[in-house]
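Trainee: for reference, the sequence and a predicted model appear below.
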Number of protein chains: 2
Amino acid sequence: MALSNAQPTLRRDAARNRDKIVAAAREAFADHGVDVGVDVIANQAGVGVGTLYRRFPTKESLIDAIIDELFEQVSGLAQDSLDAQPPETGFAAYLRGVGQLQVDHVGCLSRLWTHTGHVEARKELESTVRQLLGRAQDAGLVRSDVVYQDISVILWSLRGVVETTAPVAPTQWQRYLDLVLAGLRPSDQPLSRPALTGAQVDRVFALHRDRARGARGS
Amino acid sequence: MALSNAQPTLRRDAARNRDKIVAAAREAFADHGVDVGVDVIANQAGVGVGTLYRRFPTKESLIDAIIDELFEQVSGLAQDSLDAQPPETGFAAYLRGVGQLQVDHVGCLSRLWTHTGHVEARKELESTVRQLLGRAQDAGLVRSDVVYQDISVILWSLRGVVETTAPVAPTQWQRYLDLVLAGLRPSDQPLSRPALTGAQVDRVFALHRDRARGARGS
DNA sequence: CCCAAACCGGAACGACCCCTCCGCTCCGGT
DNA sequence: ACCGGAGCGGAGGGGTCGTTCCGGTTTGGG
């Protein structure tokens, strides 16, 4: 977001090709996972790999571009859920929306929640989701000992369901989410463990980001 | 299993090395995921890769050996939960046990629930878990419209939580599981979608098994 | 219309990883 | 103790995939 004048002007064909590459990558990642060869993406975009590498210095940077898009969709969804939904339904609407976005991007999910770029935007998303959660709790729909970090965990669990079932039953995650939402309703039975701390969530992000960059050693 | 006389007798050093390889693989997979190089495993076992390949004709077969172990632990756990637990707690005990087993085997989880070998044993496990679920429902702890396939989905979601949080907070999955168990309790609010069918679950298995064998195409 | 700069394609390079091969070692029955 | 053969190690073959390089092509301002 802070970038403003990276390319003063991009030649028209180059801009067109850039868009084709991003679209092809989005589709290829969704269909075959982030491990597809760059040649597949270039083919689907109708360009050579050289062209791809002119615009994106590394495959990783191309993935980042796709994840940036996705992250902004999640942010927009959170904001919409806060603005356009009554307090009682905003929280569930957000979770369901994220579920659908995950379905549309199976294959890059491993990178979505490890995306530590844009600390600014992350803070903003967190603030929005905290408000959604707070309203749901005020409305008596969610038990009060649930905290923001639990939402992260739930989205990680949702990822597990989506990644596994989406190709066979693209809506099955909704049934699962119904169960989770039921589990979030107020209850007098305490939870056996404390929630993750914010620092722990950050460490999860950092760890999986490193792992994505192809680590091996000790 | 069905195998009886594959190796009439294995030389003592060879048997010792086989055990060292399996132990090293178990640890290496848990620490670095199934993508560790075979040389890492061989090193850790204190043998050469040639030795490893004498015993396991393929890296995949080594993974299978580890998954076989794990699968049997799950089966044993289900049986124990049925035999040694009161009807009210067996079901939860099974889920918690599977959670712990998943923590101990992060890194091969992608292969566990895609493991289609031993159709026999799978049927038996299914039957046991159905009984656990039925007892929990009879005891009024689980809503009656939950079916066996939902348990598969829940374990897939648990995998998502375990894989993400285990390295940072190895017990966090327990809090998540508390929420899910709460969500399973009887409720008059219907679920929005029907459960997966048995055939769909089978297709999920088949799909992910193929994907594990390094697919690419169309 | 013309030309320099930007852009394009895809062959080739290098790093990585699974697996094989073969000369040597060590077990264990006689 | 001896010897046949199972077992061992690790260098290297073969294949894949990310990235680079460069000769030819396209763009768009003067």
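Mentor: Ah, there it is. Residues are numbered from 1 along each chain as shown, chains lettered A, B, ... in the order given.
Trainee: could you use CA atoms for every contact and neighbour count after this?
Mentor: Noted.
Trainee: name the SS class of the residue of chain A found nearest chain B, please.
Mentor: Distances between chain A and chain B by C-alpha to the nearest C-alpha are smallest at A:Gly183, namely 3.2 Å. Here A:Gly183 takes the helix state, with states given by DSSP: H, G, I helix; E, B strand; the rest coil.
Trainee: next: A:Asp188.
Mentor: coil.
Trainee: neighbours of it, how many?
Mentor: When counting by other C-alpha atoms under 10 Å in any protein chain shown, one arrives at 6 neighbours for A:Asp188.
Trainee: what's the mean pLDDT across stretch A:107-125?
Mentor: The average pLDDT within stretch A:107-125 is 85.
Trainee: run through who's touching it.
Mentor: A:1, A:29-34, A:63, A:67, A:70-71, A:75, A:78, A:102, A:159, A:163, A:204-206, A:208-209, A:212 (C-alpha atoms under 8 Å, 6 or more residues apart in numbering or on different chains).
Trainee: could you find the closest non-adjacent residue to the residue of chain A closest to chain B?
Mentor: Nearest non-adjacent residue to A:Gly183, counting by C-alpha to C-alpha, 6 or more residues apart in numbering or on different chains: B:Gly183, 3.2 Å away.
Trainee: what's the spacing between that neighbour and A:Leu177?
Mentor: 10 Å (C-alpha to C-alpha, to the nearest Å).
Trainee: residue boundaries of the helices in chain A?
Mentor: Remark: helices assigned in chain A by DSSP state H are A:12-32, A:38-45, A:49-55, A:59-84, A:90-104, A:109-112, A:119-138, A:148-165, A:172-184, A:198-212.
Trainee: could those helices go into CSV alongside distance to B:Val40?
Mentor: Compiled in CSV, these are given as follows (distance: least, C-alpha to C-alpha, whole Å):
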stretch, distance to B:Val40
helix A:12-32, 28
helix A:38-45, 28
helix A:49-55, 32
helix A:59-84, 26
helix A:90-104, 34
helix A:109-112, 24
helix A:119-138, 36
helix A:148-165, 28
helix A:172-184, 37
helix A:198-212, 17
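Trainee: reformat those as TSV; add distance to B:Gln172 and mean neighbour count.
Mentor: Below are the helices of chain A laid out as TSV (distance: least, C-alpha to C-alpha, whole Å; neighbours: other C-alpha atoms under 10 Å in any protein chain shown):
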stretch	distance to B:Gln172	mean neighbour count
helix A:12-32	29	18
helix A:38-45	37	18
helix A:49-55	41	15
helix A:59-84	25	17
helix A:90-104	20	21
helix A:109-112	19	20
helix A:119-138	20	18
helix A:148-165	9	23
helix A:172-184	16	22
helix A:198-212	10	15
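Trainee: near DNA strand D, which residues of chain A are found?
Mentor: A:11-13, A:35-39, A:49-50, A:53, A:57-60 (C-alpha under 7 Å from any atom of the strand).
Trainee: near DNA strand C, from these?
Mentor: Within the set of these, contact with DNA strand C (C-alpha under 7 Å from any atom of the strand) is found for A:11, A:13, A:49-50.
Trainee: and the residue of chain A nearest DNA strand C?
Mentor: Per C-alpha to the nearest atom of the strand, A:Gly50 is where chain A lies closest to DNA strand C, at 2.7 Å.
Trainee: and the most centrally placed residue in chain A, how far is that from DNA strand D?
Mentor: Central residue of chain A (C-alpha atoms, centre = their mean): A:Leu112, 4.0 Å from the mean position. Distance of A:Leu112 to DNA strand D, computed by C-alpha to the nearest atom of the strand, to the nearest Å: 18 Å.
Trainee: for A:Asp178, give its distance to DNA strand D.
Mentor: On the measure of C-alpha to the nearest atom of the strand, A:Asp178 and DNA strand D end up 37 Å apart.
Trainee: who touches that residue in this structure?
Mentor: Contacts of A:Asp178 by C-alpha under 8 Å, 6+ apart are B:191-192.
Trainee: wait, what's in contact with the closest residue in space to A:Phe56 that isn't next to it in sequence?
Mentor: Closest residue to A:Phe56 apart from its sequence neighbours, by C-alpha to C-alpha, 6+ apart: A:Leu62 at 5.8 Å. Under the criterion of C-alpha under 8 Å, 6+ apart, the neighbours of A:Leu62 are A:22, A:25, A:56.
Trainee: closest to A:Thr197 among the residues you listed?
Mentor: A:Ala25 (34.9 Å; C-alpha to C-alpha).
Trainee: and the pLDDT at the residue lying closest to that closest one once chain neighbours are set aside?
Mentor: Once flanking residues are discounted, A:Ala25 sits nearest to A:Ile41: 5.5 Å by C-alpha to C-alpha, 6+ apart. Predicted confidence (pLDDT) for A:Ile41: 97.
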